[in-house]
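Trainee: sequence and predicted structure below; questions after.
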Amino acid sequence: MSVWAIGDLQGCLGPTQRLLDRIRFDPAADTLWFCGDLVNRGGESLETLRLVHSLRAHCRVVLGNHDLSLLAIAERDEAQQRRVNADLQRVLFADDRDALLDWLRGCPLLHADRELGWMMVHAGLAPKWTTQMAEAHAREVERRLRGDGYRKLLKNMYGDRPDWNPGLRGIERERAIINILTRMRYCTPRGRIAVEEKGAPGTQAPGLYPWYEVPGRAERDLRIVCGHWSALGLFIGLGVHALDTGAVWGGRLTALQLDCDELRVVQVPGREVPG
Ligand SMILES: [Mn+2]
């Protein structure tokens, strides 16, 4: 019986299947944690989504920015849906799209297993957030995504502002929470996200810190597994385990076993990038 966390799939079906073979995933015994961004850019987003959906009883998935973006596009009119890239269009116009997207919309933004000692988010946490605060804020957005107000949220989700502060209300509050949990890489000590900074640590503008390294950050009582930051690569330190190793960019797809004392990492080659 094993628990494995897996980095951003981004529609890379072959690497996903090869990784599950390599870790000898057994749905009868094992559990998979997917760090989000199941779809977009890899060319087989539909098949990847179907695979994870078929395993839904044996996995935990948190939503990434690309997953939320797919859900938002699915609410637009058909002409607009025809304008997105071919990989996402195949999901949007598939016969089983409603089953796939309804399931996806019900996925959480954060998964915590206190018995196991781990928490998973797609991108990161605000500097002052403890694991309990992060869970509470994720639940706020998840309630909205699963309730009658989900269309309004998906329509108004986009935007880099406002910065998080606990006094925010309504859509601005939900947007700020989504931006932290699904788009964070660098931020200021006060928690302002630098969305334009995507490079490896050392390349960022002065005054910015990787979210897990911000001076004065909250102490966290769970180990954290996340994805989203392919330029960071496999990073294990400061209680954080970042698993986006750029499978969609020709890097690797990474699995990390969570239920053993010695961290076990398994990687397979990512997608073959055309040209
Ligand atoms: Mn992402």
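Mentor: Everything's here; your move.
Trainee: list the buried residues of stretch 263-275.
Mentor: Using 16 or more other Cβ atoms under 10 Å as the burial criterion, the residues of stretch 263-275 that qualify are 266-268, 270-271. Any C-beta I mention is one placed from the backbone N, CA and C, and that applies to glycine too.
Trainee: could the residues you listed go into CSV alongside pLDDT and secondary structure?
Mentor: Output for the buried residues of stretch 263-275, formatted as CSV (pLDDT from 0 to 100; DSSP: H, G, I helix; E, B strand; the rest coil):
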residue, pLDDT, secondary structure
Val266, 98, strand
Gln267, 98, strand
Val268, 98, strand
Gly270, 98, coil
Arg271, 95, coil
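Trainee: so which residues of the stretch 151-275 of the chain form helices?
Mentor: Secondary structure of the stretch 151-275 of the chain (DSSP state H, counting those that start in this stretch): helices located at 170-183.
Trainee: which stretches in it count as strands?
Mentor: 186-187, 209-210, 223-226, 235-237, 240-242, 252-257, 264-269 (DSSP state E, counting those that start in this stretch).
Trainee: in JSON lines: the ones you listed, plus distance to Trp33.
Mentor: Converted to JSON lines, these look like this (distance: least, Cβ to Cβ, whole Å):
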{"stretch": "strand 186-187", "distance to Trp33": "24"}
{"stretch": "strand 209-210", "distance to Trp33": "21"}
{"stretch": "strand 223-226", "distance to Trp33": "7"}
{"stretch": "strand 235-237", "distance to Trp33": "15"}
{"stretch": "strand 240-242", "distance to Trp33": "11"}
{"stretch": "strand 252-257", "distance to Trp33": "9"}
{"stretch": "strand 264-269", "distance to Trp33": "14"}
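Trainee: among these, which is nearest Gly36?
Mentor: strand 223-226 (8.5 Å; Cβ to Cβ).
Trainee: burial check on whichever residue of the stretch 101-250 of the chain sits closest to the ion, number of neighbours?
Mentor: Nearest residue of the stretch 101-250 of the chain to the ion, counting by Cβ to the ion: His228, 3.8 Å away. If you count neighbours by other Cβ atoms under 10 Å, His228 ends up with 26.
Trainee: ok, now the one 4 residues further on?
Mentor: Around Leu232 there are 22 other residues, counting by other Cβ under 10 Å.
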